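Peer 1: okay, sequence plus prediction incoming.
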Amino acid sequence: MKMFTRMLTITLLSLAPMLASADDFLKTMKDFELVDHLGATHKLSDYESKEYIVMYVHGSGCPIARLSVPSYLAVRDDYASKGIEFLMINASIQDDIPRIQKEATEFNINFPILKDEDQSVARSLGVERTAEVFIVDPRTREVLFRGPIDDSLGYEAQRASVDHTYLRDALDTVLKGEHVNMDEIPDSKGCLVGFFFS
């Protein structure tokens, strides 16, 4: 019996870091003051009157990020009237403002694309890939959802139909005051975002 108890304790202790890291998946976004691709300054406090912010990770030249823009636009068109603010953030080292402006024009992106020069906002969110979206409460800065917009895009694959509308479902859930079950949300597909050494 003592041996069993000892083995159980060791097992639980070994699982503790994994459980902690799962809890850390949804982080708290840091306060920010960022300039967008058109030169306008945006502060988190500007959006405190909004129900939620949706933040999309932009990356110039990333095929999945480019292909998912129309889906993001469609979600914005359906939910902006419900008090949701839609933004993009670019923390990619290789993307400067002229490059971002060029892609915004090419793909008719009419969202502010915030340039996270020091990558501190992206780090606070836990950003890993482009085309990932985050739902954030602008008053508490709590991240309530992170994941793909839907299941239409993958690596070297594009589906004609969509079976799962993850972002829409998550917005419906948080607007009802409920919690998104992140166990049902797959990892986002997209290009890796490289970070400066810290």
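Peer 2: Everything's here; your move. Numbering: from 1, shown residues only.
Peer 1: unless I'm mixing things up, I84 is touching S49, no?
Peer 2: No. In this structure, I84 is not within contact of S49 by C-beta atoms under 8 Å, at 11.8 Å. Placement of C-beta: from N, CA and C, glycine included.
Peer 1: how about the helices in this protein?
Peer 2: Counting by DSSP state H, the chain has helices at residues 2-23, 63-79, 97-106, 120-125, 166-175.
Peer 1: list of residues touching the shortest one?
Peer 2: Spelled out, that is helix 120-125. Here helix 120-125 makes contact (C-beta atoms under 8 Å, 6 or more residues apart in numbering) with 27-30, 32, 34, 55, 57, 89, 91, 114, 116, 134, 143, 146, 193, 195, 198.
Peer 1: on that earlier part again, mean pLDDT lowest where, among the helices of the chain?
Peer 2: Note on the helices of the chain: lowest mean pLDDT is at helix 2-23, with a mean of 40.
Peer 1: P186 against D150, yeah?
Peer 2: No. With contact defined as C-beta under 8 Å, P186 does not reach D150; the gap is 10.6 Å.
Peer 1: hey, what's in contact with both of the two?
Peer 2: Both P186 and D150 are contacted by Y166, under the criterion C-beta under 8 Å, 6+ apart.
Peer 1: more neighbours, the two?
Peer 2: A count of neighbours by other C-beta atoms under 10 Å puts D150 above the other of P186 and D150, at 20 against 11.
Peer 1: need the phi and psi values for the more buried one.
Peer 2: Main-chain dihedrals, D150, degrees, to the nearest 10: phi -160, psi -170.
Peer 1: contacting residues around it?
Peer 2: By C-beta under 8 Å, 6+ apart, D150 lies in contact with 71, 162, 164-168.
Peer 1: can you list these in JSON lines and add neighbour count and distance to S124?
Peer 2: Shown next, in JSON lines, are the contacts of D150 (neighbours: other C-beta atoms under 10 Å; distance: C-beta to C-beta, whole Å):
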{"residue": "S71", "neighbour count": "21", "distance to S124": "25"}
{"residue": "V162", "neighbour count": "14", "distance to S124": "30"}
{"residue": "H164", "neighbour count": "16", "distance to S124": "27"}
{"residue": "T165", "neighbour count": "18", "distance to S124": "27"}
{"residue": "Y166", "neighbour count": "21", "distance to S124": "22"}
{"residue": "L167", "neighbour count": "23", "distance to S124": "20"}
{"residue": "R168", "neighbour count": "17", "distance to S124": "25"}
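Peer 1: before we move on, back to that, I84 and S49: which is more packed in?
Peer 2: A side-by-side neighbour count of I84 and S49, using other C-beta under 10 Å, places I84 first with 20 against 10.
Peer 1: any idea how far that one lies from L171?
Peer 2: For I84, the distance to L171 equals 7 Å [C-beta to C-beta, to the nearest Å].
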